[in-house]
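Chemist: could you work out the structure for the sequence below:
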Amino acid sequence: MGGVAVPSLGLMKVFERFAAPLAELGTPVWCPRGLRFGREVERFAGWGARPAARAARRAAESAGLPFVALEDGFIRSFGSAAGGAVSLSVIVDDVGIYYDGLRPSRLEKLVAERPASNGDLRFAADVARFIALCREHRLTKYNGIDLLPASDRLGRDRPLVVVLDQTWGDCSVTGAGATPATFLAMLDAALDENPLADVRVRVHPEVLAGRKRGHLLDAARLRGVTVMADTWLWPSVAERAARVYAVSSQAGFDAVLRGARVTCFGLPFYAGWGLTDDRQPCARRDATAGVTLADLVGAACFRYTRYVDPYTGAPSDALATLAHLQLRQRHARRWDRPVLLTGMRSWKLPQLRPLVSNGRNAVRHIESAEAAVKAARPGETLVIWAGRASDTVLAAARERALEVIRVEDGFVRSVGLGSDHVPGHSLVFDDLGIYFDPRQPSRLEKLLTDSLFDAEMLGRAARLRAALKARRMTKYNVGRRGPLPSAPPGRVRVLVPGQVEDDASIRTGCEGITDNLGLLRAVRAARPDAWIVYKPHPDVVVGNRRGAVAPADVAALADAVVTDARMTDLFEIVDEVHTLTSLAGFEALLRGLRVTCWGRPFYAGWGLTEDRLPCPRRRRRLTLDELVAGTLLRYPDYLDVPTGLPCEVEMVVDRLAPPGTAERADAGIAAQTLALMAAGGGIGHAAARGARLLRAWVAHWQR
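Modeler: Residues are numbered from 1 along each chain as shown. Model prediction:
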């Protein structure tokens, strides 16, 4: 395939960003200064109708080669382009460009084909879901969190009419056959036609700030019309509007999408199809052809737009893009206050900061929890590493009326140990307690007690269970593959996973038996004839934490000891697992093993384990998939370490162990190494931390 001539470095970056979705156009070749090009160029490209694009179009005509126009898609990003938000979509038009209504475009031809009405049923269903999701979650081109409170009376007392202004010189204005006078005529018409309504002009915030020029700011003030800045999320305003007036703004399309009556004084792409009140005719568009809203959306947001997966760079689709934006919205809405991180070392900050920032809130760090409580500012949320949330610190926080959220590693974390400073892909944030402390309710316990998990969520949980099992995944994914001990035939095979003995889950969740030796003695007494294999905790084996058992004691109580085997391999040679509070018990449940709990881990008390201690608050009986849905889908936050973006657990599973292999991902551990080396603290500090990870990486390659 030949190349595509690109007139600017900015457009070269677009081709880099959308390399996979735009691959069919050919290899981009930078052709500046008159667009000199070689024989390898088979077409030209330009960004919209900018001067460089117009020059590229003329060069293509002179050379007898095709030209394609690129532009942002209609569902673009989380955050604005001006704020640096990375685009998720791009359109490619080989006919014209959608916002030039004076000439044909590829979008115009696609709408005329009525894709949702004449296409397959699955496509129509996808479009309907897209429309429903956009309405429900208020999704638009540039997305954020909704700042319009539900209690606001906007549009409640009088019909709301919004007149959409645009910035001066916008290409879509001239392309819509409009002039500055068109905006004045539109404003006067809105006032004349809606005498009893609350008429407002929506202007761009850059216009109010004086950095850009609009068309209606002065006119609105002269006429006594309220000016509405673009600070509220537009869809939440559009859904309250009885009527919207537009020249060519995409905000008019958002209003059409939400069922508002839209009057168009220009020729935007959504006018002329019978869906809007049009004051300017377009002979090419047949308003009587029966084009539906689904046809318009199907053409614009499905057939005309190309999407990129923000994590992998692979081609994506409209619904997957909406799912990512929903995730970003939920995340941003949760962290709508300033955050003070405390109780954790600085090496953890690169994983924490992306998960507690919504792009607007301030995030700072004070390592000492005691100092942080004293230095916390009014309205600041204290996010504290759960192990450092002592009773003294919590009492001091209560005295200052601080909101406290405990944070801890999640359950599908990394390839390598946290004690070796390997960055984690998951964290849990708990505003009630913390999952490993059963002395009080936690957010996880509340989720498992109160949540109704629908069929879609349970199906997702079942698929996740299958993926974790097939790819042999655990929390840390450490250990070698090698020979395992064999049990004599006819004996029950029991695995006893050791733990770090000063672990908070043991200190808070155990009674009587509180160490590894005590657990081994209890299991031998309970299963005198069983074949018992003991696996010390990896942190204990490498000497990072406490919990070693004397070899003579282990030999007297266990039939075999393994120190560097994979936990998932051990699950395959045993019948049951006995544990104090180890996460290995939960991982064994996922694989259908019988689990006995001698303490009160988060997964005990729900009817899925044999419990040696009562859990009186946990009265609900859960299915395994309900437990998985609450524990792995609803409770943790996940981070895609290579991109620094919040993600879903499935993305983490793919990073740590790609599909089609039961081995850990070489690329995954390499990405973690690079991320760690790049994460703040200077070269020397990064190298010191990277050396710890290097040990894990060498062990990984030795497998």
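Chemist: so what's Ala52 up against?
Modeler: Neighbour list for Ala52: Pro7, Ser8, Leu11, Gly46 [criterion: Cβ atoms under 8 Å, 6 or more residues apart in numbering]. Every C-beta, even on glycine, is put in place using the N, C-alpha and C of the backbone.
Chemist: may I have the phi/psi pair for it?
Modeler: Here is the backbone geometry of Ala52 (degrees, to the nearest 10): phi -60, psi -40.
Chemist: got a list of what the spatially closest residue to Leu622 that is not a sequence neighbour touches?
Modeler: In space, and not counting its chain neighbours, Leu622 is closest to Trp606: 4.2 Å by Cβ to Cβ, 6 or more residues apart in numbering. By Cβ under 8 Å, 6+ apart, Trp606 lies in contact with Leu448, Arg618, Arg620, Arg621, Leu622, Leu627.
Chemist: ok, so of the residues you listed, who is nearest Asp611?
Modeler: Ranked by distance to Asp611 (Cβ to Cβ), those are led by Arg618 at 9.3 Å.
Chemist: wait, doesn't that closest one sit right on Gly605?
Modeler: Yes. Between Arg618 and Gly605 there is a contact under Cβ atoms under 8 Å: 3.3 Å.
Chemist: neighbour count for those two, which is higher?
Modeler: Shown here are Arg618 and Gly605; by other Cβ atoms under 10 Å, Gly605 has more neighbours (24 against 21).
Chemist: look up how far Leu448 lies from the residue lying closest to the more buried one once chain neighbours are set aside.
Modeler: Leaving aside its chain neighbours, Gly605 sits nearest to Cys615 (2.9 Å; criterion: Cβ to Cβ, 6+ apart). Per Cβ to Cβ, to the nearest Å, Cys615 is found 11 Å from Leu448.
Chemist: between those two, who's got more neighbours?
Modeler: Counted by other Cβ under 10 Å, Cys615 and Leu448 do not tie: Leu448 has more neighbours, with 25 against 18.
Chemist: now that one. Nearest residue, chain neighbours left out?
Modeler: Gly630 (4.4 Å).
Chemist: residue contacts, the one you found?
Modeler: Here Gly630 is in contact with Leu444, Leu447, Leu448, Ser451, Phe453, Leu622 (Cβ under 8 Å, 6+ apart).
Chemist: and these, which two are furthest apart?
Modeler: Leu444 and Phe453 (13.8 Å).
Chemist: nearest to Ala487, out of the contacts of Trp606: which one, please.
Modeler: Relative to Ala487, and with distances defined as Cβ to Cβ, the nearest of these is Leu627, at 28.5 Å.
Chemist: tell me if the closest one really is in a helix.
Modeler: Yes. Leu627: assigned to a helix according to DSSP: H, G, I helix; E, B strand; the rest coil.
Chemist: around it, how many other residues sit close by?
Modeler: What Leu627 shows, counting by other Cβ under 10 Å, is a neighbour count of 23.
Chemist: check the one 4 residues further on too.
Modeler: When counting by other Cβ under 10 Å, one arrives at 23 neighbours for Thr631.
Chemist: same thing with Ala190?
Modeler: 22.
Chemist: using a markdown table, lay out the contacts of Gly630 together with distance to Pro180.
Modeler: Formatted as a markdown table, those follow (distance: Cβ to Cβ, whole Å):
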| residue | distance to Pro180 |
| --- | --- |
| Leu444 | 58 |
| Leu447 | 55 |
| Leu448 | 60 |
| Ser451 | 55 |
| Phe453 | 56 |
| Leu622 | 64 |
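Chemist: ok, and the most crowded of those residues?
Modeler: Leu448 (25 neighbours).
Chemist: and the helix or strand where that residue lies, what does it pack onto?
Modeler: Per DSSP states H and E, Leu448 falls inside helix 443-450. Under the contact definition 3 or more Cβ pairs under 8 Å, 6 or more residues apart in numbering; DSSP states H and E, helix 443-450 sits against strand 426-430.
Chemist: strand partners (parallel or antiparallel) of the strand it packs on?
Modeler: strand 403-409 (antiparallel), strand 636-640 (antiparallel) (DSSP bridges).
Chemist: contacts for that strand?
Modeler: Counting by Cβ under 8 Å, 6+ apart, 351-352, 355-356, 383, 386, 405-413, 434-435, 442-444, 635-639, 649, 652 sit against strand 426-430.
Chemist: and those, which of them are buried?
Modeler: Buried members of these, counted by 16 or more other Cβ atoms under 10 Å: 351-352, 355-356, 383, 386, 405-413, 434-435, 442-444, 635-639, 649, 652.
Chemist: quick one, phi psi at Leu187?
Modeler: Residue torsions, per degrees, to the nearest 10, at Leu187 are phi -60, psi -40.
Chemist: could you report the neighbour count for it?
Modeler: 22.
Chemist: try the one 4 residues further on
Modeler: Counted by other Cβ under 10 Å, the residues lying close to Leu191 total 16.
Chemist: biggest separation within the contacts of Ala52, which pair?
Modeler: Largest separation among the contacts of Ala52 by Cβ to Cβ: Ser8 and Gly46, giving 8.4 Å.
Chemist: could you check the pLDDT of Trp701?
Modeler: Per-residue confidence (pLDDT) for Trp701: 36.
Chemist: which helix or strand contains the residue nearest to Gly605?
Modeler: Applying DSSP H and E as the criterion places Cys615 outside every helix and strand.
Chemist: just checking, it touches Ala604?
Modeler: Yes. Contact criterion Cβ under 8 Å: Cys615 and Ala604 qualify, at 5.7 Å.
Chemist: re the thing from before, now the contacts of Trp606 in CSV, with pLDDT and distance to Leu340?
Modeler: Putting the contacts of Trp606 into CSV (pLDDT from 0 to 100; distance: Cβ to Cβ, whole Å) gives the following:
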residue, pLDDT, distance to Leu340
Leu448, 98, 29
Arg618, 96, 33
Arg620, 96, 35
Arg621, 97, 40
Leu622, 97, 35
Leu627, 98, 33
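Chemist: contacts only, for Arg345.
Modeler: Glu367.
Chemist: residues contacting stretch 114-133, please?
Modeler: By Cβ under 8 Å, 6+ apart, stretch 114-133 touches 139, 257, 289-295, 297-299, 301-303, 318-319, 322, 326.
Chemist: can you lay out the strands paired with strand 426-430 as JSON lines showing distance to Ala229 and mean pLDDT?
Modeler: Shown next, in JSON lines, are the strands paired with strand 426-430 (distance: least, Cβ to Cβ, whole Å; pLDDT from 0 to 100):
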{"stretch": "strand 403-409", "distance to Ala229": "29", "mean pLDDT": "96"}
{"stretch": "strand 636-640", "distance to Ala229": "32", "mean pLDDT": "96"}
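Chemist: out of the ones you listed, the one nearest Asp157 is which?
Modeler: Between those, strand 403-409 lies closest to Asp157; by Cβ to Cβ that is 34.4 Å.
Chemist: for the closest one, the distance to its chain's centre please.
Modeler: Counting by Cα atoms, centre = their mean, to the nearest Å, strand 403-409 is centred 20 Å from the centre of its parent chain.
Chemist: would you put the C-alpha positions of that strand in PDB?
Modeler: C-alpha atoms of strand 403-409 as PDB (Å, rounded to 0.1, in the frame of the first residue of the first chain):
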ATOM      1  CA  GLU A 403     -13.800  12.500  55.400                       C
ATOM      2  CA  VAL A 404     -11.500   9.400  55.600                       C
ATOM      3  CA  ILE A 405     -11.100   6.800  52.900                       C
ATOM      4  CA  ARG A 406      -8.900   3.800  53.400                       C
ATOM      5  CA  VAL A 407      -6.900   2.500  50.500                       C
ATOM      6  CA  GLU A 408      -5.300  -0.900  50.000                       C
ATOM      7  CA  ASP A 409      -4.100  -3.100  47.100                       C
END
